[in-house]
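> Need the 3D shape of this:
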Amino acid sequence: MARETTKQLRRQVYLALEQGPVGERVAVVTDQLLMALIVINLVAVALESVPAYGARYGLVFEVIEIFSLVAFSVEYLLRLWGAVEHGPHQHLSGTAARLKYALSPAGLIDLIAVLPFWFALLLPSDFRIVLVFRMVRFFKIARYSPAMRSLLDVLYRERRALSGCLVITLGMAMVSAALMHLAESHVQPDKLGTIPDALWWSIVTIGTIGYGDVVPVTALGKIIATGTIFIGLILMALPIGIIATAFSEQIHRRDFIVTWGMIAKVPLFAELDAAEIADISQLLRAQLVEPGEVIVREGDHAHSMYFIAAGEVEMALEKKKVNLGTGQFFGEVAILKRAPRTGTATALSRSSLLVLSAQDLHALMKRDRRIAERIKDTVEKRTGRTVEPAKPEEHADKA
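Numbers count the residues shown, from 1 in each chain. The predicted structure follows:
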């Protein structure tokens, strides 16, 4: 019994620290608190480097550091304890799963964010230079930020293309440095007397920085510099274009996967094959609502229907209230009857919805008779009347 209780507690801790269910408020609050603590740390590190602030608010900075050290240490130990609950690690022994987490990039960052500071407290004060490791805590944000995780995934996936850009850039830097050395070494021997000296000028020029500490003075040198500048613009645009395109594709891919997973939870689409789900996912728009948020209001114009992928929604009708859960849908009656909303829908918990516009609903019902029959059956049960869907063009006119 005690073992089962410990396992259940460990599972709850893991879900609170990692990505729990959509409706798991504890996981959301935990992520937000840890992100806020990381940001406070980064701001404190920057302000503490200012002598005036360091002298005046030294005690505040010290309290922030001690609190953060304890918080991040507890977080690391809890992540280490709950590592056995990680899906890919559940087939491993407890020791192996924890060792795998400890040696992972995220685990190493978590360790570096706390371990040097405990050493600094125990060792002589001249060793406190390790406190520069506080800036490492910035990388912990990647765990809580989907955008940063996506960017890191993009950089890893496009590593070969980016490596190719780096090789080409270094090659062009060497060529332009050699040319500039030949053109200017006799007039600027102290700055361009050797190719390694000229390489500094070449790199800052290709990088479009142009510090101005080394500039050509001969006509030939200026021509070489002009060509290097134009080549630098092209070379700098290459990795930017690769990363921007790949990042956009990554975001769209992630949104598609999330939408697909949400569609799969809706029984109305249970009989559809992969191609049909992929087609429908183009019509649906994901929406996240918080507890107490009004989704639709009685009397409003009906422009969309909603599918509940996760969470719970209360539908307040004229004579009764109905609680709708995962897999159910609402808002279709007003669209099919071409009438204002007959009830108010309010989120009872943090819920993920899939939104389908009126025009797309009519097109979907016309295209797939199975979905049309299920929706009409639901409408008849809720209203006690047979309702024929409006034609898309009729609805568009009324909108």
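
> How about the contacts made by Leu288?
22, 350-353 (CB atoms under 8 Å, 6 or more residues apart in numbering). No exception for glycine: its C-beta is placed from N, CA and C like everyone else's.

> go with 7 Å
Ser352 (CB atoms under 7 Å, 6 or more residues apart in numbering).

> all numbers from here: first residue = 23
Got it, first residue is 23 now, which makes that one Leu310.

> Please give the three-state secondary structure assignment for it.
Under DSSP: H, G, I helix; E, B strand; the rest coil, Leu310 falls in the strand class.

> ok, now Glu336?
Strictly by three-state DSSP, Glu336 counts as strand.

> Now do the same for Ala421: its pLDDT.
On pLDDT, Ala421 comes in at 36.

> swap that for Met202, sorry
94.

> how about it, what does it touch?
Contacts of Met202 by CB under 7 Å, 6+ apart are 214, 220, 223-224, 238, 243, 246.

> Check which helix or strand Leu378 maps to.
strand 373-379 (DSSP states H and E).

> brain fart, Phe329
Phe329 belongs to strand 326-332, assigned by DSSP H and E.

> Just checking: what are the partner strands of that strand?
Using DSSP bridges, the strands paired with strand 326-332 are strand 351-352 (antiparallel), strand 373-379 (antiparallel).

> between those, which one is nearest to Leu64?
strand 373-379 (31.3 Å; CB to CB).

> The helix or strand just after that closest one packs against which elements?
Next in sequence after strand 373-379, counting helices and strands by DSSP H and E, comes helix 380-389. In terms of contacts (3 or more CB pairs under 7 Å, 6 or more residues apart in numbering; DSSP states H and E), helix 380-389 is packed against helix 354-359, helix 391-405, helix 414-420.

> what's the closest of the contacts of Met202 to Thr366?
Ser224 (67.1 Å).

> Quick check, the closest one in contact with Leu201.
No. Ser224 is beyond contact range of Leu201, at 8.9 Å (criterion: CB atoms under 7 Å).

> Between these two, which is the more surrounded one?
Comparing Ser224 with Leu201 by other CB atoms under 10 Å, the one with more neighbours is Ser224, at 27 against 20.

> Please, which helix or strand holds the more buried one?
Short version, using DSSP H and E: Ser224 is in helix 217-228.

> Next, the residues that contact that helix from outside, please.
Counting by CB under 7 Å, 6+ apart, 191, 194-196, 198-200, 202-203, 213-214, 232-233, 236, 247, 250-251, 253-254, 257 sit against helix 217-228.

> any low-confidence regions in the stretch 23-172 of the chain?
23, 41-47, 109, 111-112, 141-157, 164-168 (pLDDT under 70).

> how about the helices of it, start to end?
With helices called from DSSP state H, counting those that start in this stretch, the stretch 23-172 of the chain shows them at 24-39, 47-70, 73-78, 80-104, 116-125, 127-134, 137-144, 163-166, 168-179.

> which stretch among those comes nearest Val209?
So among these, helix 168-179 is nearest, using CB to CB, at 42.2 Å.

> what helices or strands is that closest one leaning on?
helix 163-166, helix 241-286.

> Could you dump these into JSON lines and include mean neighbour count and distance to Met337?
Shown next, in JSON lines, are those (neighbours: other CB atoms under 10 Å; distance: least, CB to CB, whole Å):
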{"stretch": "helix 163-166", "mean neighbour count": "17", "distance to Met337": "34"}
{"stretch": "helix 241-286", "mean neighbour count": "15", "distance to Met337": "20"}
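
> now the helices of the stretch 23-172 of the chain in CSV, with distance to Ile273?
Listed next are the helices of the stretch 23-172 of the chain as CSV, based on distance: least, CB to CB, whole Å:
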stretch, distance to Ile273
helix 24-39, 25
helix 47-70, 19
helix 73-78, 38
helix 80-104, 27
helix 116-125, 27
helix 127-134, 21
helix 137-144, 35
helix 163-166, 16
helix 168-179, 6
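
> Of those, which is nearest Asp390?
Taking CB to CB, helix 168-179 is the member of these nearest to Asp390, at 32.3 Å.

> Could you point out the helix or strand that follows that closest one?
Immediately after helix 168-179, counting by DSSP H and E, sits helix 181-206.

> how far off helix 241-286 does that following helix point, in degrees?
Per axes from the mean of the first three to the mean of the last three CA atoms, to 10 degrees, the angle that helix 181-206 makes with helix 241-286 is 170 degrees.

> Can you give me the domain boundaries for the protein?
24-166, 181-275, 292-420 (automatic domain parsing).

> Count the residues that sit near Lys359.
Around Lys359 there are 17 residues (other CB under 10 Å).

> Tell me the spacing between it and Gly353.
12 Å (CB to CB, to the nearest Å).

> before we move on, what about Leu306?
13 Å.

> and of the domains of the chain, who's closest to Leu174?
Nearest to Leu174, of the domains of the chain and by CB to CB, is domain 24-166 at 6.1 Å.

> and the closest one, how far out from the chain's middle?
19 Å (CA atoms, centre = their mean, to the nearest Å).

> now stretch 188-204
38 Å.

> what comes up buried for that stretch?
Buried residues in stretch 188-204, counted by 16 or more other CB atoms under 10 Å: 191, 194-195, 198-199, 201-203.

> now the helix holding Ser224 against helix 181-206, angle please.
120 degrees.

> Span of stretch 160-176 from start to end?
One end of stretch 160-176 to the other measures 19 Å (CA to CA, to the nearest Å).

> How far does that stretch sit from its chain's centre?
Distance of stretch 160-176 from the chain centroid (CA atoms, centre = their mean) equals 6 Å.

> what do you get for stretch 205-216?
Worked out by CA atoms, centre = their mean, stretch 205-216 lies 49 Å from the chain centre.

> Name the residues that touch it?
202-203, 219-220, 223, 236, 238-240, 242-243, 246.

> would you list these in TSV and tack on distance to Ser379?
Below are those laid out as TSV (distance: CB to CB, whole Å):
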residue	distance to Ser379
Met202	61
His203	65
Asp219	64
Ala220	62
Trp223	58
Val236	60
Pro238	61
Val239	66
Thr240	66
Leu242	65
Gly243	63
Ile246	59
